[in-house]
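In: Below are the sequence and a predicted model; questions follow.
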Amino acid sequence: MKILTTIPEVRETLNAHRAAGRTVGFVPTMGALHAGHKSLMLASVPENDITIVSIFVNPLQFAPGEDLEAYPRDLETDAALCTEAGADYIFAPSVSEMYPEPIETTVSLTGVSEPLDGQSRPTHFSGVATVVTKLFSIIGSCSAYFGEKDFQQLAIIRKMSLDLSLDVRVVGCPIHRETDGLAMSSRNIYLTPEERADSVVLNQALAKGIAAIDAGETDPAAVRDLMAAHIATADSGTLDYAEVVDARTLLTPQVLSGEVRALVAVQFGKARLIDNMGTTVAVSGSA
């Protein structure tokens, strides 16, 4: 497993593999890797001849006052996990390598980027879309693996790749959870013991919401209120949002039908946690 730090060496290395007929799998990350990231690599390795993992804490997706400087960084530990998973390369550029000059070109989306986290973090998704577009340009033709925990981000990257005709197959992978149901996240290390105990309400609230939908509830407001009420039972944590939306548009319909997604976001002290679950509502009159 080799660590690459410059854009030219990544392009030269991967172009040589593709010229030899090898396929490339790509796992973009911000480091602080855990079992959830490893599951993305384990999805890529058997499907591709070469797997490369990027580790880059992207300043464009952090608003002033967010945790850019405090975001955990440990390349040595991350490299060990990548080796265990069977990755072939890490791309670990510096900020000056990715942004040698003040950036004047950004990528932004309407539609899927506007609700949910788009309301809470209005500059975030432009930063994500810009760095992912840049990474896709550097890596080249590949299959790229993303976790479904960041469901809105996944939807944005899929739409962006389609709209811009990028030579990338975007693969969504299941959420990896702790034994008590908490979705794995690099930010979980920020939780105090009390907050960690309370954080299970996200998964529990989603399960309650999905159970209500599966039992026949089609009013999104009723599902939202049910999830919010359960999150309110925790002693710590402040609800940002609890919503159930159309899984394709991420908009809240008047009546739930087809593929839907329940999503929640809760602030626990220094950690803002998100999670989601999906289900299918049978269309009236269908078998």
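Out: All right, it came through fine.
In: contacts, neighbours, all on C-alpha from now
Out: Fine.
In: mind listing the helices for the stretch 51-200 of the chain?
Out: Shown for the stretch 51-200 of the chain, the helices assigned by DSSP state H, counting those that start in this stretch span residues 75-85, 95-98, 117-120, 124-139, 151-163, 193-198.
In: With mean pLDDT added, can I get those in a markdown table?
Out: Rendered in a markdown table, the data for the helices of the stretch 51-200 of the chain read as follows (pLDDT from 0 to 100):
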| stretch | mean pLDDT |
| --- | --- |
| helix 75-85 | 98 |
| helix 95-98 | 97 |
| helix 117-120 | 94 |
| helix 124-139 | 97 |
| helix 151-163 | 97 |
| helix 193-198 | 98 |
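In: Out of the ones you listed, which is closest to Ala63?
Out: Distances from Ala63 to each of these were compared using CA to CA; the minimum, 7.0 Å, belongs to helix 124-139.
In: Identify each buried residue in that closest one, please.
Out: 124-133, 135-136, 138-139 (16 or more other CA atoms under 10 Å).
In: same question, stretch 249-264
Out: 250-253, 256-257, 260-264.
In: re the thing from before, among the helices of the stretch 51-200 of the chain, single out whichever gets nearest to Val244.
Out: Checked against CA to CA, the stretch from those lying closest is helix 151-163, at 12.4 Å.
In: which residues are contacting the closest one?
Out: Where contact means CA atoms under 8 Å, 6 or more residues apart in numbering, the residues beyond helix 151-163 that reach it are 109, 112-113, 117, 125, 128-129, 132, 146-148, 167-168, 170, 172, 248, 250, 276.
In: shaky segments in the protein?
Out: In the prediction, the chain carries residues with pLDDT under 70 at positions 284-287.
In: Strands of this structure, residue ranges please.
Out: Listed in chain order, the strands of the chain (DSSP state E) span 2-4, 24-29, 50-55, 89-91, 142-147, 168-173, 238-246, 258-268, 271-281.
In: So which elements touch the first one?
Out: Here strand 2-4 is seen to pack against strand 89-91 when contacts are counted using 3 or more CA pairs under 8 Å, 6 or more residues apart in numbering; DSSP states H and E.
In: what's the strand it packs on in contact with?
Out: Contacts of strand 89-91 (CA under 8 Å, 6+ apart): 1-6, 10, 51-55, 79, 82.
In: what pairs with that strand, and is each one parallel or antiparallel?
Out: Strand 89-91 sits in its sheet next to strand 2-4 (parallel), strand 50-55 (parallel), going by DSSP bridges.
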